[in-house]
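**Student:** Dropping a prediction and its sequence here:
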Amino acid sequence: DEPKFKSLIGNNHATVLDGIGEFNEIVRADLFTVLDDRANVKARIDEPDRWRDSMEDNALVRRIFSEGAFSASGMLIQNGRLYQAVAVPVLARDAVVGILITGYQIDDAAAAQLRSMTRSHISIVDESDRVLVTTLTGRRAALSEALATERPRLRAVRESGTNSSDFDLMIGGERYIAVA
């Protein structure tokens, strides 16, 4: 509900980029993206020279525009990086004039912290089974090969709509229990 932030939305890319840089000095997010009222990127700090892309197919953005949600949060994959993100509408006179998306990257170091708490290896893959995050850093290639072998099983779990399914996964000759 910051008037200075709301006033940025209607400006050109360079002005919006400068403005969000100032706001992100406070938030210190890894992902700080501003969209216009048609879900097009006005500016983003993670890739300052990349803008005008449409994010209308993004699940978080759809929940704001289509469902009228006051906020939407979840995992967001952008350019092969995984973020825990939140999207909020930017309102002017009760109309959505844009969306702000902020997020913090979940990387191998974050997975290592989780591993130290759970005593379990952590790997997160995208819908095409590409490894985004893992504590199996020295065995990333072997993990990718094992996932390729299990692709039909992973696809079946995704298509079944069940919450999860566990199975054995052989990675470099070692047995792991995987959850999909």
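**Tutor:** Cool, the structure landed. Residues are numbered from 1 along each chain as shown.
**Student:** need the helices for this protein, in chain order.
**Tutor:** With helices called from DSSP state H, the chain shows them at 3-8, 13-27, 59-65, 108-118, 140-149, 151-160.
**Student:** Give me whichever of those helices is most buried.
**Tutor:** Most buried of those by mean neighbour count (mean count of other C-beta atoms under 10 Å) is helix 59-65; its value is a mean of 18. Just so you know, the C-beta spots here come from the backbone N, C-alpha and C atoms, and that holds for glycine as well.
**Student:** Who are the packing partners of that one?
**Tutor:** Here helix 59-65 touches strand 72-78, strand 81-92, strand 95-106, going by 3 or more C-beta pairs under 8 Å, 6 or more residues apart in numbering; DSSP states H and E.
**Student:** distance between stretch 77-84 and the chain's centre?
**Tutor:** 4 Å (C-alpha atoms, centre = their mean, to the nearest Å).
**Student:** For it, list every residue counted as buried.
**Tutor:** Of the residues in stretch 77-84, Gln78, Arg81, Leu82, Tyr83, Gln84 count as buried by neighbour count, 16 or more other C-beta atoms under 10 Å.
**Student:** Of the helices of the chain, which is nearest Asp36?
**Tutor:** Taking C-beta to C-beta, helix 13-27 is the member of the helices of the chain nearest to Asp36, at 9.3 Å.
**Student:** angle of that closest one against strand 95-106?
**Tutor:** Counting by axes from the mean of the first three to the mean of the last three C-alpha atoms, to 10 degrees, helix 13-27 points 60 degrees away from the direction of strand 95-106.
**Student:** And the average pLDDT for helix 13-27 is what?
**Tutor:** Mean per-residue pLDDT for helix 13-27: 85.
**Student:** Now do it: distance to the chain's middle.
**Tutor:** Counting by C-alpha atoms, centre = their mean, helix 13-27 comes out at 20 Å from the chain centroid.
**Student:** separation between Asn12 and Leu91?
**Tutor:** 21 Å (C-beta to C-beta, to the nearest Å).
**Student:** more neighbours, the two?
**Tutor:** Neighbour count, other C-beta atoms under 10 Å: between Asn12 and Leu91, Leu91 has more, with 13 against 9.
**Student:** Give the full set of residues in contact with the closest residue to Leu31 other than its chain neighbours.
**Tutor:** Excluding the flanking residues, the one nearest Leu31 by C-beta to C-beta, 6 or more residues apart in numbering is Gly103, at 3.7 Å. Contact analysis of Gly103 by C-beta atoms under 8 Å, 6 or more residues apart in numbering lists Ala29, Asp30, Leu31, Leu76, Tyr83, Gln84, Ala85, Val86.
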